[in-house]
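> pasting the sequence and the predicted coordinates here, then a few questions.
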Amino acid sequence: MSKWLSMFLCVFASLMVMFVAQGCKRNSNAMITLAGSTAFQPFAEKLAEKYMETNKDVRINVQGGGSAVGVQSALSGAANIGMADLLKLPPDASALTSTTVAKDGIAIVVHPGNPIRELTSSQAHDVFAGKIVDWKELGGADAPIHVISREEGSGTRRSFDTLVLGGEKLTPNALFQNSNGTIREAVANDGQAIGYVSIGLVNDKVKAVSLNGVAPSNENVKKGVYPLSRPVFFLTKGEPTAGTKKFIDYVLSEDSQKLLEKEGLIAAK
Amino acid sequence: MRISPKITERIAKLFLWSAAIFTIGALIFVIGFVLAGGLTHISWSFLTEPILDMGREGGILPAIVGTIFMVFVAVGIAAPLGVASAIYLAEYTREGKVTQAIRFGINCLAGVPSIIFGLFGFILFVVMLGFGWSILSGGLSLAAMILPTIIRTAEEALRAVPASYRDVAASLGATRWQVVTKSVLPYALPGILTGVILGIGRSIEETAVVIFTAGSAVQMPTSIFDSARTMAVHFYILAREGISNDMAYATAAVLICTILIINVSAYTMMHRLTKGRRS
Amino acid sequence: MDKFISRLLFLAACSSTAILALIALFIFKEGVPIMAKTGLGHFIFGREWFPLSGQFGIYAFIIGSLWVTFGALIFGVPLGVSCAIFLAEFAPRKWVGILKPAIELLAGIPSVVYGFLGVMWLAPLIRNHLGGPGLSILAASIVLAIMILPTIVSVSIDAIQAVPKNYKEGSLALGATTWQSTWRVILPAAKSGILAGVILGMGRAVGETMAVIMISGNATTIPHSPLDSVRTLTANIAIEMGYAIGDHREALFATGVVLFFFIMILNTVALRFARRKF
């Protein structure tokens, strides 16, 4: 048995050596690194996948970490492009050039079994500010409202605060989740919950409510009749390299924007 | 009021049986939850194809490869370092202020949150040392994280070896190192293995550290300096951004099978190595 | 030669303390300035956490961490140690060989999976039968307890099995029952190993981020009952770090500084507890 064991270890050791050696003589053929927004990361990966099909000599690396990591990586040079979905960029990002590459609509969601299907702006404001605390005040069941929000700092949260709360503070009794998927899951499993997610992520596990009679859809955002949306930025430091610029142009091209719309985002223009 | 020992024994047994049943029950429930959601979506193509279309299609081969190499780097660094530390603490020093301080440090390191390891690894390995988002950065950060577990379990395992074993070897003229390697270490191996297995488990399931240091590239890693995704990270991204629950749970199911294979192999190897040495 | 090895091993042993020192340096460097700016008292005892308006008070999170950590230990330690005692002393010999590796399998399940299990199954259960939002201290404690079980069970089994057989044989020969032998002879002998497992489990409970974020609700208010939603220090750092810049980011590192002291105090208390004679 120990003969097999030593053989296995030898093979594995040589594989590891090759693995490491490969890395040492890595050629720097064009590599573009993107880092930042975890919400946009899957879309960036999809675009990168398509881009690399026609540009075989380029390797695109997409990382996550959050919009703050996006800003930091762009500033420190760890990434060629920082992805950020903040509503407004922070002061240290003023050294960076920002390009809007997409917009993301925000829908207010409740449990599918909840009879409420629409809210007015002032109702939405009062619910999230903690002034309305029971569903019966809205014509629903006699049960307390569980408000679920995104964390402070997130682009979605900032947009929501500005557009729905208008500067007033979120109710201190709010619960928080830190991603679209987990808010959706939390609302889907709680009949008394209300939260907000990207329009592209609404599925039959949750119900999106209309705001002032307008249904939350990407078309309505584009038409300008549905107000809740936030931009997604590509941040670059100084002059982008030729390869980087080519990729950014590709992302802004009509085909790519159509692809993003198909996946649930909204075109930048 | 004296309760007869037989009755205490019965009550104790009842309590212990319930504890065991609950623990095993939790185990079955959690694993069942994952396998139920994921097993049906596993196929040969799932295991061998690259990640496509944000993870909604294709397979998870890059993630499997990334996971295996990341774990090997992490354990490859942490195990020797950890066992060496444990040998020092258990065999080479007397119990005193220095060892207590070192042990306190180890216990505190065990409590540092994974996100701090992730940020620390990002600043130190990715940015300052210039390794970039890579399996190397990820492995180093994971190694730092699992080090306390390996050291503490190894130290306890070494201490558990009876003093007489050391005395016999020493009386035959062996140096300290010979005593350790020939008379103590072989008997402490099972305990050390527990620590290594717990460390492997932790490395495989860790997400925050890996995302910040090894990144989450979808391509197949071809070198230790490449960014790579582990299965845990893949699951995390798929589930968190609501991309595909089916693929997410399928990934988790493969992950559980991977740990099972690694653990079983480790235990089998150890049984063969310590055959005939069981006291 | 032996001296050389001895030096080498000493260096290895210092490695973890060195890593801890580096991490401490890293956190303190980023976090202390904002603590000075806000004022230490305000930071630790302040109840308002609105980072974007410059309000940094983490008292609620300190309380949250205390509740959740102790909850996890109260559920996890008795359960884990009992299970270990059962497998090592009372169960048929063959069972340990299969069940210990099986329980160690639990150690590899991603925390996010536990989080989802909590949100989809445990939180609704608590909400419907006990009240409250479901995403609560209770939910977090239960899930954390299950997450630290593998560590506590595995290490405790090793500790109990390492006790020399003649201890038990001597005790039984004197007429004690298996339980009496276990409780009075074997457990005290295995104390140090079991404690190592418990401390490792405690460390895991304090440091767990993902699962806790998903099931504790992350409310920024001080909890008054186990059914209330709560935010732990660790969750506070992780939940907002992805988007935090400037003062906000420094405040999160400052939370890390407090967490650091929290861990050290917990470990000191554990050490005191260990020294007591049982």
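Happy to help now that I have it.
> residues touching residue B:271, list them.
By Cβ atoms under 8 Å, 6 or more residues apart in numbering or on different chains, no residues touch residue B:271. (C-beta placed from N, C-alpha, C; glycine too.)
> which SSE is it in?
Element membership for residue B:271, per DSSP states H and E: helix B:245-273.
> just residue A:194 next, same as before
Element membership of residue A:194, judged by DSSP H and E, is strand A:193-198.
> if we can go back for a sec, how far off centre is the helix holding residue B:271?
Distance, stretch centre to chain centre, for helix B:245-273: 12 Å (Cα atoms, centre = their mean, to the nearest Å).
> list the buried ones in it?
Within helix B:245-273, the residues that count as buried by 16 or more other Cβ atoms under 10 Å in any protein chain shown are B:245, B:247-260, B:262-263, B:266-267, B:270.
> check stretch B:88-95 too.
Applying 16+ other Cβ under 10 Å to stretch B:88-95 flags B:88-92 as buried.
> mind checking which of the residues you listed land in helices?
Assignment to helices by DSSP state H places none of the buried residues of stretch B:88-95 there.
> from the residues you listed, which is closest to residue C:190?
Nearest to residue C:190 among those, counting by Cβ to Cβ, is residue B:90 at 16.2 Å.
> find the nearest non-adjacent residue to the closest one, please.
Spatially, and ignoring its direct neighbours in sequence, residue B:90 is nearest to residue B:158 (3.8 Å; Cβ to Cβ, 6 or more residues apart in numbering or on different chains).
> cool, residue A:195 as well?
residue A:148 (3.8 Å).
> apart from its chain neighbours, what residue comes closest to whatever residue of chain A ends up closest to chain C?
In chain A, the residue that lies nearest chain C is residue A:66 (2.3 Å; Cβ to the nearest Cβ). Nearest non-adjacent residue to residue A:66, counting by Cβ to Cβ, 6+ apart: residue C:242, 2.3 Å away.
> isn't that neighbour up against residue A:154?
Yes: between residue C:242 and residue A:154 there is a contact under Cβ atoms under 8 Å: 7.4 Å.
> name the residue in these two with the higher neighbour count.
Neighbour totals were compared for residue C:242 and residue A:154, and residue A:154 leads with 29 against 24 (other Cβ atoms under 10 Å in any protein chain shown).
> now for residue A:108, which secondary structure element holds it?
Per DSSP H and E: residue A:108 is located in strand A:96-110.
> and that strand, which strands flank it?
The pairing partners recorded for strand A:96-110 under DSSP bridges are strand A:193-198 (antiparallel), strand A:207-208 (antiparallel), strand A:229-237 (antiparallel), strand A:266-267 (antiparallel).
> out of the ones you listed, flag the one nearest residue A:128.
strand A:193-198 (8.1 Å).
> residues in contact with the helix or strand hosting residue C:112?
Assigned by DSSP H and E, residue C:112 belongs to helix C:111-117. With contacts defined as Cβ under 8 Å, 6+ apart, helix C:111-117 is touched by A:182, A:185, B:30, B:33-34, B:205, B:207, B:232, B:235-236, B:239-240, B:252, C:143, C:146-147, C:208-211, C:213-215.
> same question, stretch A:214-225
Residues outside stretch A:214-225 that contact it (Cβ under 8 Å, 6+ apart): A:103, A:105-108, A:199-200, A:202, A:208-210, A:226, A:228-229, A:261, A:264-267.
> go again using 7 Å as the cut-off
A:103, A:105, A:107, A:199, A:208, A:210, A:226, A:229, A:261, A:266 (Cβ atoms under 7 Å, 6 or more residues apart in numbering or on different chains).
> read off the pLDDT value for the first one.
At residue A:103 the predicted local confidence, pLDDT, stands at 90.
> contacting residues for it?
A:221, A:229, A:231-232, A:265-266, A:268.
> what's the closest non-adjacent residue to it?
Of all residues not flanking residue A:103 in the chain, residue A:266 sits nearest, at 4.1 Å (Cβ to Cβ, 6+ apart).
> how about the strand holding residue A:108: buried residues?
A:96, A:98-99, A:101-110.
> from the contacts of helix C:111-117, which land in helices?
The helices, defined by DSSP H, take in A:182, A:185, B:30, B:33-34, B:205, B:232, B:235-236, B:239-240, B:252, C:143, C:146-147, C:210-211, C:213-215 from the contacts of helix C:111-117.
> how about the residues of the stretch 151-279 of chain B by chain C?
Applying Cβ under 7 Å from any Cβ of the partner chain, we find that the stretch 151-279 of chain B lies next to chain C at B:151-153, B:156-157, B:160, B:162, B:175-177, B:191, B:194, B:197-198, B:201-202, B:204-205, B:207-208, B:232, B:235-236, B:239, B:252, B:256, B:259-260, B:263-264, B:267.
> and the buried ones among those residues, selectable in ChimeraX?
Of those, the buried ones can be selected in ChimeraX as follows, counting by 16+ other Cβ under 10 Å:
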select /B:151,152,153,156,157,160,176,177,191,194,197,198,201,202,204,205,207,208,232,235,236,239,252,256,259,260,263,267
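> how about residue B:205, nearest residue that isn't a chain neighbour?
Distances taken as Cβ to Cβ, 6+ apart put residue C:110 closest to residue B:205, at 4.4 Å, once the chain neighbours are dropped.
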